[in-house]
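In: I need the structure of the sequence given here:
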Amino acid sequence: MRFDAPVRIAAIQTVSGPNVAENLAIAGDLVAEAAQAGAVVIALPEYFPLISSDEDDKVRLRERDGSGPIQQFLQDAAKRHGVWLIGGTSPLVADAGDKVRNATLVFNSNGERVARYDKIHLFGFDNGAERYDEAETIEPGESVVCFDAPCGRVGLSVCYDLRFPEMFRAMGLVDLIVLPAAFTYTTGLAHWEVLLRARAIENQCYVMAPAQGGRHPSGRRTYGDTLIIDPWGEVLARRAEGPGVVLAEMDPARIADVRTRLPALSHRRLS
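Out: Presented below is the predicted three-dimensional model:
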């Protein structure tokens, strides 16, 4: 798919709770807002359908690949608004009966599914006050996934993947990296922006990171700071906290200019 003119992209920030129907309604309104603002490619955050105090809730709500209300919502929203919709993450059936695949599903403007990425790296953190272990309820994916869209070649990643630069190198040459996230406030405050900017700089591409951002009904606080970053590492747009839409233009000339002036990708010596 040719990408030879500027394309408007949008990252959506939410503060999801335990009510799936309510979360989908809020996400639907924000997708509509982004589409009305001219966005062609729109991305939702990780866990946009559900954040609960009980991690097993997502296991109970998991859907079979290709059917279910969350997947139907994504398909319908993409087709209704004529946009490419990157669906944050959805809980899908895993091989293990007590776990889910934390899956990013992508639908084109006709409502056709064009990509699925299952989160590879599972977050674990324990500082004595906060503890997270995604491996207790999530089964990891195995494959790096890229696809072609109106904004060029897109590489998919999720949240904790951000800390593993070898994954982004494995994508090859991409125009946009999308990273839906639900970063903790503690780790986000320390590392979120610097790591996202690093991924943009070292891969000389745009980065769009739609995030959960705020105090959730469960009491959990996510960092937010949804960002869109250009290939030179400059922040083009951001939203600190609360539900909303973050918009920016992707320009293929900007990518070409950065890669021509500093051809670091062609200077690589190690694979």
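
In: for stretch 214-233, what is the average pLDDT?
Out: When pLDDT is averaged over stretch 214-233, the result is 97.

In: May I see the buried residues of that stretch?
Out: Neighbour-count burial for stretch 214-233, with 16 or more other CB atoms under 10 Å as criterion, is recorded at 214, 216, 220-231, 233. Glycine gets a C-beta too; all of them are placed from N, C-alpha and C.

In: between those residues, which is closest to C151?
Out: For C151, the nearest member of the buried residues of stretch 214-233 is I228. The distance, counting by CB to CB, is 11.4 Å.

In: Quick check on the closest one: phi, psi?
Out: For I228, the backbone dihedrals (degrees, to the nearest 10) come out as phi -130, psi 130.

In: Pull out the buried positions in the helix or strand of the chain with the lowest mean pLDDT.
Out: Lowest on mean pLDDT, DSSP states H and E among the helices and strands of the chain sits strand 131-133, with a mean of 91. Judged by neighbour count (16+ other CB under 10 Å), strand 131-133 contains these buried residues: Y132.

In: Run the chain-centre distance for the helix or strand just after it.
Out: Sequence-wise, the next helix or strand downstream of strand 131-133 (DSSP states H and E) is strand 146-149. Counting by CA atoms, centre = their mean, to the nearest Å, strand 146-149 is centred 14 Å from the centre of its parent chain.

In: Strand 146-149 pairs with which strands, parallel or anti?
Out: According to DSSP bridges, strand 146-149 has the following sheet partners: strand 152-156 (antiparallel).

In: after the strand it pairs with, next one along is what?
Out: Secondary structure here is assigned by DSSP H and E; on that basis, the next helix or strand after strand 152-156 toward the C-terminus is helix 165-169.

In: Strands along the stretch 1-150 of the chain, start to end?
Out: 7-13, 41-43, 84-86, 90-93, 100-107, 113-118, 124-126, 131-133, 146-149 (DSSP state E, counting those that start in this stretch).
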